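Trainee: no sequence for this one, just the structure:
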């Protein structure tokens, strides 16, 4: 069994409502169908986009900035709100840089351990970026919905 990861664009205060949903894509703009993408992977992606080198401690610290905004803390699903700087970085990523960022991201321990290839990483980035861009453009938040 894996972790289901959906990415949801919604209003700033929709976290609790998203947490009550078993299919967020039926109610909000959503990127669904990805498994195992959690806050540590998103943190390492942020560092690859921003060009900053990072340590495990820095990735864990950034991961803790994804605030639990809804769901059942014990059993899930869990809903985490993206930190503003992470959302902004994802939204501003240019399509021309998808390949180079994917290459850097694939070299991280988190993606190597899960066996992600550059094509898979690039596909994820190319699907996440427009959603992040729409969240920023519409002055909304982006959430990570996780379920076992």
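Mentor: Everything's here; your move. Everything quoted here is computed from the prediction, not taken from an experiment. Residues are numbered from 1 along each chain as shown.

Trainee: Residue 141 against residue 80, yeah?
Mentor: No. Using CB atoms under 8 Å, residue 141 is not in contact with residue 80; the gap is 10.6 Å. For glycine as for every other residue, the C-beta is placed from the backbone atoms N, C-alpha and C.

Trainee: all strands in this structure, in order from the N-terminus.
Mentor: Secondary structure of the chain (DSSP state E): strands at 4-10, 30-35, 67-71, 78-81, 141-147.

Trainee: could these be laid out in a markdown table, adding distance to residue 104?
Mentor: A markdown table is the format used below for the strands of the chain (distance: least, CB to CB, whole Å):
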| stretch | distance to residue 104 |
| --- | --- |
| strand 4-10 | 20 |
| strand 30-35 | 19 |
| strand 67-71 | 26 |
| strand 78-81 | 23 |
| strand 141-147 | 21 |
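
Trainee: Which among the ones you listed is found nearest to residue 123?
Mentor: For residue 123, the closest of those is strand 30-35, at 9.5 Å, according to CB to CB.

Trainee: for the spatially most central residue of the chain, what are its contacts?
Mentor: Closest to where the C-alpha atoms of the chain average out (CA atoms, centre = their mean) is residue 42, at 5.0 Å. With contact taken as CB atoms under 8 Å, 6 or more residues apart in numbering, residue 42 is in contact with 63, 66, 82, 86, 144.
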